[in-house]
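**Q** attaching a predicted model along with its sequence, questions to come.
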Amino acid sequence: MEEIKERQYPGAPTPPEGEPQKPHHSNAQLRTYSGLVYVAILLLFFALKLFVHKLFFDILILLFAAIGTFEMLRAFGDRMHRSQKIVAMTFALLVVIMYIVADILFTDILGVEFPNGDPLTAIGRNYAPHVTLVVFIAGIAVIFGMLVFAPTKVSLESVGCTLISYMYPSVFLVVMTVCNHLEYYSDVAICFVFIISPFADIFAYAVGKTLGKKYPWKMAPHVSPNKTVVGGIGGLVGGALGGVVVFFVYYGLCKCVHLTGFAEFTLTRPVLEWHDFIFFIGIGVLTSAFAQFGDLVESSFKRKLGIKDMGNILPGHGGILDRIDSSLYASLIVAFIFVIRIMTKGIAA
């Protein structure tokens, strides 16, 4: 941490030369403050999603893509040429933007409707996934093509680094955008992605700290030596409790808000669907498992690159990727579960 220089006023005592000045805040305080700011931003954009339009949460996801990709490119340093960094950043943003724009075009403008019960009753077809896939592969094609157009500046190793920076985190964030654009359950999907991860982290840390010395089996000793199996189990318990929280947030708030237009909505009385209670707990456990694995993946990235944090935009926490690494993998299982539920049940319960 860099030293924070205090302002000097006329007549104020000057510390002895060579003596380091004490920082205003400890690392724990910085983590708390930046964590609160991060949570406040999430709540703001989620409220805008609920009461105004889902596009506002798309904007947040796009910011995650821009900052996260920048952090990956900076972490790789001079392992790739500047032109490769530009290509990776351009297509990382383009693939997220393309899904957002195409999905809104087909559903909100062209009027594609999800089938109600019978799959044959669908009106039109949503080609957003097709368009996004083509743009994604076009990005890979351009990255490979630079071996031809810039053979003296591009190596196979740099191509590999560019591909990683291009796909992580943007591909995962496309899936997170899918969660935001689900015909049904989009609100609860976003809740699972962003609520389960902190619950899993807190319980994993608490249980690991308490029982880690008594049960010292390591979860991934070569990737993250401090993480224990018992801590991972604590994370699953935290995921289950997070599922309970999501249940009450969804049925007590999200299902009460019905958008009828841009910033136009109606409110209804909350009705708790108790038959979904165990289902939500199960999703919380599964999401926690994927979230913990996502954290290990990023730990592996940092270990291979020889860095402590992916960035410094959040003092005490690191970069955006250090905050959303768990959520990236959580979005995979959440999107899969609710897409399957929509396909099998058709409409929200």
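**A** That came through fine.
**Q** Asp295 reaches Ser326, doesn't it?
**A** Yes: under the criterion of Cβ atoms under 8 Å, Asp295 makes contact with Ser326 at 5.0 Å. Yep, even glycine has a C-beta here, placed from its N, CA and C like the rest.
**Q** just the pLDDT for Pro13.
**A** What the model reports for Pro13 is a pLDDT of 48.
**Q** ah, wrong one, I meant Ser26
**A** For Ser26, pLDDT reads 65.
**Q** got any ranges where the chain has weak pLDDT?
**A** Applying pLDDT under 70 to the chain flags the ranges 1-28, 114-123, 346-349.
**Q** domain assignment for it?
**A** Here the domain parsing of the chain from automatic domain parsing is 55-180, 184-349.
**Q** can you put those in a markdown table and add distance to Leu48 and mean neighbour count?
**A** Formatted as a markdown table, these follow (distance: least, Cβ to Cβ, whole Å; neighbours: other Cβ atoms under 10 Å):
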| stretch | distance to Leu48 | mean neighbour count |
| --- | --- | --- |
| domain 55-180 | 4 | 18 |
| domain 184-349 | 9 | 19 |
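**Q** any idea which of the ones you listed gets closest to Tyr33?
**A** Closest approach to Tyr33 among those (Cβ to Cβ): domain 184-349, 7.4 Å.
**Q** which residues touch the closest residue to Ser186 other than its chain neighbours?
**A** Of all residues not flanking Ser186 in the chain, Asn180 sits nearest, at 5.6 Å (Cβ to Cβ, 6 or more residues apart in numbering). For Asn180, the contacting residues are 49, 54, 57-58, 61, 186, 189-190, by Cβ atoms under 8 Å, 6 or more residues apart in numbering.
**Q** phi, psi for Asn180 please.
**A** Backbone torsions for Asn180, taken as degrees, to the nearest 10, come to phi -70, psi -20.
**Q** how about stretch 33-42: buried residues?
**A** 34-35, 38, 42 (16 or more other Cβ atoms under 10 Å).
**Q** from Gln29, how far out is Val37?
**A** With distances taken as Cβ to Cβ, to the nearest Å, Val37 is found 13 Å from Gln29.
**Q** packing partners for the helix or strand that contains Ala88?
**A** Ala88 is located in helix 82-104, with elements delineated by DSSP states H and E. Where contact means 3 or more Cβ pairs under 8 Å, 6 or more residues apart in numbering; DSSP states H and E, helix 82-104 is packed against helix 55-76, helix 128-149, helix 156-167, helix 170-180.
**Q** circling back to that earlier point, mind putting the contacts of Asn180 into TSV with distance to Ile140?
**A** Below are the contacts of Asn180 laid out as TSV (distance: Cβ to Cβ, whole Å):
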residue	distance to Ile140
Lys49	31
Lys54	28
Phe57	27
Asp58	23
Ile61	21
Ser186	29
Ala189	27
Ile190	28
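**Q** would you point out the most distant pair within those residues?
**A** Those two in the contacts of Asn180 that are separated most widely, counting by Cβ to Cβ, are Asp58 and Ala189, at 13.7 Å.
**Q** sorry, back to before: among the contacts of Asn180, pick out the one closest to Phe144, please.
**A** Using Cβ to Cβ, Ile61 is the member of these that lies nearest Phe144, at 26.8 Å.
**Q** list the contacts of the closest one.
**A** Counting by Cβ under 8 Å, 6+ apart, Ile61 makes contact with 96, 173, 176-177, 180.
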